[in-house]
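Asker: here are the coordinates; sequence isn't available:
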């Protein structure tokens, strides 16, 4: 393979990976924007979304088949289910804590994430679970580059979801309310916005996007694991920070950048794929040192 | 004047229960005797478990300084534990260094790692520290797994046990007593820090950063100090852990390890030394009692942690005694 | 000669000017008041002086030392202490511990000193305690030192906050609405306390206050801020008859200067 082929291949890999990161990073950044909470459980919602998709698919496969149709319907149902799970988590665990010290909320978020993780560990006995989709291996060849239909669909679906979110936030009444709450919660309340409803919708949408990513990852990579949310949660946070935490376009951009950085970074001499994660966490630390507001983030508000 | 409520102290109510020096000396004597005879009561398996619990007491005391005193969430504490263990493992195995020379080196490396991670992060919102430390924990574990010097995924074996003034510390019973001493020293250092200028500064910064700064306290420096003291505890724990087992592998330093240490701190009651000790014992002894539950026990812990946060954020240990 | 000297201090938030070219000074040994209608930028000016806000332009000097780039803790170290508009004592800590915080920047003991309880550390601890006790006694709080500070009556909390500021050994003390929420008896005690701080401890005072009666009795100089601009400066007498000041107050609120 020529240098050019390696380049195009890694570009494709980076975009696929980046789509997953971006979808998960969106939820992270939305929740942070609205309630200023680092929702540690967010990566776990991606994992639960994967398993929910698997569960739905195993019921639907006899009727719709294990192809893209079955996967698509499973994904949508998983998104709805996990969206509600996100709302329940917010109501039960976070809402009572929002006036508590920061440390308590962070630990609560961690506890929620551990409950989901270890709950799934108990259910699956720590085994990998095959997703059960059969998506075929077709694709098109551009020179030496092979792009599978799966990759195209996946990136396409991610792009459509992100576009839909962008429209939702910028054009609808809920989106405007969401932005108002993220700027100033008390002021929004005074202006008659139902802040609790906005927070609920934010958790629903963010969790649903994570579930979409989880279902697609399950279908694309073929198997699920109770611990799969841990790493992607960290990566998505990194992506959100690169783009500027709290910024929705930033999360998309950050996800893509991190995906590309990883796929090209592992081609560097001395950075094999075994160092991939170390590479991206180092990126996280460097971004926090040199540009903590990220690429599209607003500077931290003045204190006091 | 009405009865003044006493403020919650590091001793969490014990101070009012043991209000005279006589009572305090008596309590200390009882604890020391209990520690000395425990191995003969609980047998050799019990001794190993107790040693492990004491290791956790040490680690939890260290993390308590970061979380309980300074109010910073550290999710990668096992990284410092790993730094201590691997420094001792590598330097004694590959360079033939004496354990007692490797120990200060381990502490030094933990301090350097603490500064590299803490200095940039602690300037930012305090939640960033949580996630950066999570990433750091993974970096250390993955590095240990990928390097030749650290023995890769299988880790290092054959780490020599140390000598101390002609005493070869080698049997499980020897190590039990070593960890007793470490835990006691850990408690003494924690108490003294809590009642010092720096210990108070941790609380000031934790309760109100702006007011603390207005009082002339450099919040970044003070937080960094807490983070580094925690790192030192962790690396000392790791160094003796390596010497005790003679073998270490990357999976001893995973995220789960960090979480267990954190649970010890929170379950018992952050900031309160008896609470932290209780928490460490719960985390180590409960799995022994819940052995039949298998994987379920981690879930039980996780649910317990969530319930504690929602209903009793100050932990199991009472904040103060009700009557005076 | 002035102890504190501000020149052309300009501060904007998101494009809107909160302070616009403020010139201001506190002469050594004086009690100076900063007054002005709500939203005039008084607390913002305090925050600039103490390093919490970074003005985009201007110069702030304490006895000739430029402080514009300094962080809050460095400003305190140089000799400026402050209280907050809404009392901000450290929760879950005793009165004494609260006041001991003031000594942090004047002492040195670190981790090793504390763990080994070195003699120098023990001496320092005793010193910190002694300073805190002296400051508490000075503001008239002679009991309840072991009580949790935030459980004290409000008027006491205000005095604990002043004691805490005094414990930093300041040359200049900034009081942000020290009389707010006090009874008239407590206000008399406050006037007395502020005078004693200046006379007996040789500390310059700069205060923001809405109680104009108190301001007129206490201050030796008054500066008036309106919409981020310094509109007048002078003795209480001069300010009382200043046309711009009267307009500024009449234009904004009903309860104009009660002169």
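Answerer: Everything's here; your move. Treat the numbers as computed from the prediction; the structure is a model and nothing was measured.
Asker: which elements pack onto whichever strand or helix holds residue B:212?
Answerer: Per DSSP states H and E, residue B:212 falls inside helix B:209-214. Where contact means 3 or more C-beta pairs under 8 Å, 6 or more residues apart in numbering or on different chains; DSSP states H and E, helix B:209-214 is packed against helix B:197-207, helix B:219-245, helix C:72-78. C-beta: built from backbone N, CA, C; applies to glycine.
Asker: mind running it again at 7 Å?
Answerer: Contacting helix B:209-214 under the criterion 3 or more C-beta pairs under 7 Å, 6 or more residues apart in numbering or on different chains; DSSP states H and E are the following elements: helix B:219-245, helix C:72-78.
Asker: can you tell me which of the ones you listed is most buried?
Answerer: With neighbours taken as mean count of other C-beta atoms under 10 Å in any protein chain shown, the helices and strands packed on helix B:209-214 reach their highest mean count in helix B:219-245, at a mean of 25.
Asker: wait, does that one contact chain C?
Answerer: Yes - judged by C-beta under 7 Å from any C-beta of the partner chain, helix B:219-245 comes into contact with chain C through B:225, B:229.
Asker: next helix or strand past that helix?
Answerer: Helix B:219-245 is succeeded, C-terminally, by strand B:247-248 (DSSP H and E).
Asker: that following strand: partners in the sheet, and parallel or antiparallel?
Answerer: strand B:156-157 (antiparallel) (DSSP bridges).
Asker: contacts for the partner strand next, please.
Answerer: The contact list for strand B:156-157 (C-beta atoms under 7 Å, 6 or more residues apart in numbering or on different chains) reads B:89, B:93, B:150, B:246, B:247, B:248.
Asker: what's the neighbour count on the fourth one?
Answerer: Counted by other C-beta atoms under 10 Å in any protein chain shown, the residues lying close to residue B:246 total 14.
Asker: nearest spatial neighbour of it, skipping sequence neighbours?
Answerer: Leaving aside its sequence neighbours, residue B:246 sits nearest to residue B:159 (C-beta to C-beta, 6 or more residues apart in numbering or on different chains; 4.9 Å).
Asker: A strand includes the one you found, no?
Answerer: No - using DSSP: H, G, I helix; E, B strand; the rest coil, the secondary structure at residue B:159 is coil, not a strand.
Asker: ok but residue C:7 is inside a strand, no?
Answerer: Yes - in this structure, residue C:7 lies within a strand as judged by three-state DSSP.
Asker: tell me, how many residues neighbour the nearest residue to it once chain neighbours are set aside?
Answerer: Spatial nearest neighbour of residue C:7, chain neighbours left out: residue C:59 (4.6 Å); criterion: C-beta to C-beta, 6+ apart. Per other C-beta under 10 Å, the neighbour tally for residue C:59 reads 14.
Asker: ok, residue C:59 - contacts?
Answerer: Contact analysis of residue C:59 by C-beta under 7 Å, 6+ apart lists C:7, C:8, C:66, C:68.
Asker: still on that earlier bit, give me the buried subset of the contacts of strand B:156-157.
Answerer: Listed as buried from the contacts of strand B:156-157 are B:89, B:93, B:150, B:248; burial here means 16 or more other C-beta atoms under 10 Å in any protein chain shown.
Asker: how about whichever strand or helix holds the residue nearest to residue C:7: buried residues?
Answerer: Assigning secondary structure by DSSP H and E places residue C:59 in strand C:57-62. Buried residues in strand C:57-62, counted by 16+ other C-beta under 10 Å: C:58, C:60, C:61, C:62.
Asker: grab the nearest non-local neighbour of residue A:233.
Answerer: The nearest residue in space to residue A:233 (C-beta to C-beta, 6+ apart) is residue A:43, at 2.0 Å.
Asker: element containing the one you found?
Answerer: Going by DSSP H and E, residue A:43 is in helix A:42-64.
Asker: ok now that helix, how far from the chain's centre?
Answerer: Centre-to-centre, helix A:42-64 and its host chain are 16 Å apart (C-alpha atoms, centre = their mean, to the nearest Å).
Asker: good, we can wrap up now.
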